[in-house]
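Chemist: this is the structure alone, sequence omitted:
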């Protein structure tokens, strides 16, 4: 059984496997509205008549009564400044006909104004990004006094501080920055960044407390899906139709793409290892009969050089690259400090020398001494991650 996952489709993959409470497709974007309190640059553009006919909309931090609240807590209503777009309008008599040069100039001006208007309505700032702030009248939030616990760069955001489910105080900007950093590091869980706080926030809570914009929501969903697929699913791109395919049998290299099979009206198989159309008998777990089809990770393990530790005594003949004994990810030791290493993918700590879990290795050795069982031989197979 194989699953085709379209990159641009509703990313329903299997948030269940990733431990998420909802499918990514369950989240909806609520279109924001632009406040009547605008930057000087936007007001100038309004005066010039470049944004003459524009929907007046409220921002994410707007209240239900039609008012909006800026970072200083000032309240503005939709009726204010309503006629600003008409200021500075003027009629110009262009004569009977325009020259080709004038027509070209006019087209460029119209295109420029349309681009500015589109940028304005899609939330792209003309100068600097406007800081997101909580509405002080939002009774669903618990506001607290004190420091922003996620403002690690001391940016001193102006918004009120609100309490997360873990009890730490955040602002929309600091929470957005922290969660984006987690996603960019390949994480698929949102965990509090405070020391000794390992509380995981639900995605719904992050969306609400970070006041995510439409663009931020799209980025979060795409990156989250990519991280989930990388960590929890065996996903590759079909060489025929470029669909993303999830392999069910991790020991089988011949994989059928149902999309290509339907399009070609014949079974279409491709090799999971060399990512070319399958040649030769199937099933097989070592290689297909395409020229150059090799298991590159295994070749790396077979041919890598030996490592010389700077701080661990009595270790010789240890390969410099190992496959994590838990998930199979190839990892390399940087030669410094102790012999133990934490896998970036599964987060399991193991001994680089004997390949035992750290707890087991330290029963008969120390962090900086040779293992009692000696150096584990070069690995000849890649461990398969048995996720629980």
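Modeler: Thanks, I have it. Just so it is clear, the structure is predicted and the values come from calculations on it, not from any experiment.

Chemist: for the nearest residue to residue 382 once chain neighbours are set aside, give its distance to residue 305.
Modeler: Of all residues not flanking residue 382 in the chain, residue 328 sits nearest, at 4.4 Å (C-beta to C-beta, 6 or more residues apart in numbering). All C-beta spots, glycine's among them, are computed from the backbone N, C-alpha and C. Counting by C-beta to C-beta, to the nearest Å, the separation of residue 328 from residue 305 is 21 Å.

Chemist: more neighbours, the two?
Modeler: residue 328 (18 against 8; other C-beta atoms under 10 Å).

Chemist: can you pull the pLDDT of that one?
Modeler: Looking at residue 328, its pLDDT is 89.

Chemist: mind listing what it touches?
Modeler: 297, 382-385 (C-beta atoms under 8 Å, 6 or more residues apart in numbering).

Chemist: ends of stretch 352-360, how far apart?
Modeler: With C-alpha to C-alpha, to the nearest Å as the measure, the first residue of stretch 352-360 is 13 Å from its last.

Chemist: report the buried residues of that stretch.
Modeler: Neighbour counts over stretch 352-360 (16 or more other C-beta atoms under 10 Å) mark 352-356, 358 as buried.

Chemist: quick one, domains of this structure?
Modeler: The chain breaks down by automatic domain parsing into domains covering 12-29+132-228, 31-87+103-129, 234-291, 295-388.

Chemist: among those, which gets the worst mean confidence?
Modeler: When those are ranked by mean pLDDT, domain 31-87+103-129 comes last with a mean of 43.

Chemist: quick revisit: now, which of the buried residues of stretch 352-360 sits nearest residue 189?
Modeler: Of all these, residue 358 has the smallest distance to residue 189: 22.5 Å, by C-beta to C-beta.

Chemist: spit out the contact partners of that closest one.
Modeler: 340, 349-351.

Chemist: would a markdown table of these with distance to residue 205 and neighbour count be doable?
Modeler: A markdown table is the format used below for the contacts of residue 358 (distance: C-beta to C-beta, whole Å; neighbours: other C-beta atoms under 10 Å):
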| residue | distance to residue 205 | neighbour count |
| --- | --- | --- |
| 340 | 34 | 19 |
| 349 | 30 | 14 |
| 350 | 33 | 24 |
| 351 | 38 | 24 |
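
Chemist: now, which of these sits nearest residue 223?
Modeler: Within the contacts of residue 358, the smallest distance to residue 223 is 26.3 Å, found for residue 349 (C-beta to C-beta).

Chemist: related to what we said a few turns ago, let's see the ChimeraX selection covering just the buried ones among the contacts of residue 328.
Modeler: Per 16+ other C-beta under 10 Å, the buried members of those correspond to this ChimeraX selection:
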select :297,382,385
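
Chemist: any chance of the contacts of residue 328 in TSV, with distance to residue 198 and secondary structure too?
Modeler: Shown next, in TSV, are the contacts of residue 328 (distance: C-beta to C-beta, whole Å; DSSP: H, G, I helix; E, B strand; the rest coil):
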residue	distance to residue 198	secondary structure
297	32	helix
382	30	coil
383	26	coil
384	28	coil
385	22	coil
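
Chemist: from the contacts of residue 328, which is closest to residue 225?
Modeler: Nearest member of the contacts of residue 328 to residue 225, counting by C-beta to C-beta, is residue 385, at 19.0 Å.

Chemist: that closest one against residue 348, yeah?
Modeler: No - here residue 385 does not reach residue 348: they are 9.9 Å apart, not a contact under C-beta atoms under 8 Å.

Chemist: now the common contact residues for the two.
Modeler: Contacts common to residue 385 and residue 348, judged by C-beta under 8 Å, 6+ apart, are 326-327.

Chemist: picking up where we left off before, the buried residues of stretch 352-360 in helices, which ones?
Modeler: residue 358 (DSSP state H).

Chemist: got CSV for the buried residues of stretch 352-360, with distance to residue 237 too?
Modeler: Listed next are the buried residues of stretch 352-360 as CSV, based on distance: C-beta to C-beta, whole Å:
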residue, distance to residue 237
352, 32
353, 37
354, 37
355, 32
356, 36
358, 36
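
Chemist: quick one: the nearest residue to residue 295 once chain neighbours are set aside from residue 375, how far?
Modeler: Distance criterion C-beta to C-beta, 6+ apart; nearest residue to residue 295, sequence neighbours excluded, is residue 273 at 6.1 Å. Distance of residue 273 to residue 375, computed by C-beta to C-beta: 29 Å.
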